[in-house]
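In: no sequence on this one, just coordinates:
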């Protein structure tokens with residue numbers, strides 16, 4: 001049986017979402033690889049991505065009552081994942097936020113189902129943790145409980161200190177973070193596929209310098 005995490009990384013490569021080369025991260029680091037979930041931008045790729053999210057969430061065993069997608073990337077991710085979960089017999093509501101409050105119609109910054117119960121946050125990656133912090137504050141302000149965070153890729157590199165950005169979120173908010181794939185999975189891909197072998201050493205060097 002195939003490893004769905006490896007399948008996900010190969011899928012991300014085929015969609016040019018995952019690339020190898022020389023890139024500057026948001027933190028100003030020179031990285032040998034780059035992951036941009038915003039490039040999942042057609043129906044077929046978004047459907048496949050949602051399938052990976054749904055499987056990751058269900059296999060994690062995390063208990064949740066609804067999904068929340070932080071603007072902007074998280075909006076599509078939460079909606080698509082909710083649809084894929086429903087297809088697998090787990091029908092849960094979802095909500096998302098606007099960047100600016102709407103002063104007409106229903107008003108406010110929240111759209112979708114009311115935030116209540118245990119809320120699973122769906123996002124692409126965690127870098128500075130800003131999106132998670134804003135999401136947690138919104139959820140708690142509505143009297144609901146943040147349950148966990150699901151992301152596409154855990155880069156497993158230092159955040160603001162010695163911990164990784166994911167570990168910082170887990171420690172600060174007491175929330176489990178589950179990822180479809182991690183840097184460890186990326187190493188497995190590089191080690192087992194000759195076409196990507198030349199990128200193994202640069203990624204190893206990057207991890208030695210910035211890994212948590």
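Out: Right, received. Where do you want to start? The shown structure was predicted, so the numbers you read here are calculated from the model rather than taken from an experiment. Numbering: from 1, shown residues only.

In: Can you give me the neighbour number for residue 192?
Out: The tally of other residues near residue 192 (other CB atoms under 10 Å) stands at 10. C-beta: built from backbone N, CA, C; applies to glycine.

In: Could you report the distance from it to residue 177?
Out: Using CB to CB, to the nearest Å, residue 192 is found at 26 Å from residue 177.

In: who's in contact with residue 6?
Out: 185, 188, 189 (CB atoms under 8 Å, 6 or more residues apart in numbering).

In: Top of those by number of neighbours, please.
Out: residue 189 (22 neighbours).

In: Not counting its neighbours along the chain, what's nearest that one?
Out: residue 9 (5.0 Å; CB to CB, 6 or more residues apart in numbering).

In: And residue 200, by the same measure?
Out: Per CB to CB, 6+ apart, closest to residue 200 is residue 190, 4.2 Å.

In: just to revisit the earlier point, part of a helix, is the residue nearest to residue 189?
Out: Yes. Assigned with DSSP: H, G, I helix; E, B strand; the rest coil, residue 9 falls within a helix.

In: Select the helix or strand of this protein having the lowest average pLDDT value.
Out: strand 94-102 (a mean of 84; mean pLDDT, DSSP states H and E).

In: Just the buried residues of it, please?
Out: 94, 95, 96, 97 (16 or more other CB atoms under 10 Å).

In: from the middle of its chain, how far away would whatever helix or strand comes next after that strand be?
Out: Of the helices and strands lying after strand 94-102 in sequence (DSSP states H and E), the nearest is strand 108-112. Put simply, strand 108-112 sits 21 Å off its chain's centre (CA atoms, centre = their mean, to the nearest Å).

In: the inter-axis angle of strand 108-112 versus strand 94-102?
Out: 150 degrees (axes from the mean of the first three to the mean of the last three CA atoms, to 10 degrees).

In: Can you list the neighbours in contact with strand 108-112?
Out: Here strand 108-112 makes contact (CB under 8 Å, 6+ apart) with 93, 94, 95, 96, 97, 98, 99, 100, 101, 102, 138, 142.

In: Next, give me the two most distant ones among these.
Out: For the contacts of strand 108-112, the farthest-apart pair by CB to CB is 93 and 100; their separation is 23.3 Å.
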